[in-house]
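K.L.:
Here is a sequence with its predicted model. Questions after.
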Amino acid sequence: MQINHNQFMKKHFLLLIYLCLWFSAGAQVEVTPEDSALVVQMLQKAKTERKDESRMMYFGKQFLGLPYVAHTLENGEREHLIVNLHGLDCATFVETVAALSLCDSYDQRTFKDYCQWLSTLRYRHGKMSDYTSRLHYFTWWGEDNERLGLVCQVYDPTVFVETQTIDIHYMTTFPKYYKHLKNNPSFVRKIREYEKESMGKRFSYIPKRLLSMPQTSALGVIHDGDIISILTSKKGLDTQHIGIAFWEDGTLHLMHASSLYKKVVMDSTPFYEYEAKQPSHIGIRVYRGVKF
């Protein structure tokens, strides 16, 4: 099934109608009626359409061609769960696909089920409170969801030959770029505490020079549907971009919400060629769904 994206471009959709419900105490959800219905539709169709395909690949493909839209989680003054299936960035694309995959894995097919998994993936310890509870850096996302048993790090010593030492501080160095930090000094202090907790942690990664290796090599430890975290040398950041791995004719590629293509794509350019053009990218870490 492919999403009919044209329906979201019609004039009536510009009048955002928010469906507010309580899937847990105090948890308000912002979503359009079209998107909530689409979640249920996709989960129902997956029962017969997915067959043996990786869940991350199956659900990722449902969003091909969807527009790339940044900052979709910044609406409102108070933190609340935002469900947006008519525009995704790289992080919300992966979260959306993972939440759908978890629902399908557990045969949970209601919109409430989807919201519970999305909230679990997006927030520290799976619990939403305020803006600071969101897992803003991908290092936090990976660690937290690994603790919850939802994902695991993929590793092979023959390709994970470099080490990234975490030194994240971008958000608190430049709070003016973040609406909720700019207006809330207490949030800046809290985020800074979390950043300090991550300082000095070390993670093995695959340097980008090895990404041209074929699927038959040690790089084949990466499977279709694995989550790829693209690491960066930019000061204060850990990750530049994320997406979903897939192999084509023995060469690694990336399915992602692309700011370059302005939409979700299964990139036809081999991943190593894409990375070679990104001077600030240093390599990748890889996560795999345990429960999905």
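P.N.:
Cool, got the structure.
K.L.:
all strands of the stretch 1-150 of the chain, in order?
P.N.:
29-30, 81-82 (DSSP state E, counting those that start in this stretch).
K.L.:
Run through who's touching the last one.
P.N.:
If I follow you right, that is strand 81-82. Under the criterion CB atoms under 8 Å, 6 or more residues apart in numbering, residues 23, 27-31, 72-73, 75, 115, 118-119, 122, 128 lie in contact with strand 81-82. Yep, even glycine has a C-beta here, placed from its N, CA and C like the rest.
K.L.:
do the same with stretch 155-175
P.N.:
Contacts of stretch 155-175 (CB under 8 Å, 6+ apart): 136-137, 139, 178, 181-182, 188, 191-192, 195, 198-207, 210, 213, 217-219, 221, 231, 234-238, 282-283, 285.
K.L.:
Which ones among those residues lie within helices?
P.N.:
Among those, the members found in helices (DSSP state H) are 139, 181-182, 188, 191-192, 195, 198.
K.L.:
Among those residues, show me the least confident.
P.N.:
Lowest pLDDT of these: Lys182, 93.
K.L.:
my guess is that residue meets Tyr131, correct?
P.N.:
No - counting by CB atoms under 8 Å, Tyr131 is not a contact partner of Lys182; they are 11.2 Å apart.
K.L.:
which one of those two has more residues nearby?
P.N.:
Ranked by neighbour count (other CB atoms under 10 Å), Lys182 and Tyr131 place Tyr131 first, with 21 against 13.
K.L.:
Can you name the residues that contact the residue nearest to the more buried one when sequence neighbours are not counted?
P.N.:
Leaving aside its chain neighbours, Tyr131 sits nearest to His180 (4.3 Å; criterion: CB to CB, 6 or more residues apart in numbering). For His180, the contact set (CB under 8 Å, 6+ apart) comprises 74, 79, 131, 187.
K.L.:
Buried ones from the contacts of stretch 155-175, can you make that a ChimeraX selection?
P.N.:
In ChimeraX, a selection of the buried entries from the contacts of stretch 155-175 looks like this (16 or more other CB atoms under 10 Å):
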select :136,137,139,178,181,188,191,192,195,198,203,204,205,206,207,210,213,219,221,231,237,238,282,283,285
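K.L.:
For Leu102, which of the strands of the stretch 1-150 of the chain is the nearest?
P.N.:
strand 81-82 (15.1 Å; CB to CB).
K.L.:
partners of that closest one, with directions?
P.N.:
With DSSP bridges as the test, strand 81-82 is paired with strand 29-30 (parallel).
K.L.:
Thank you kindly, that will do.
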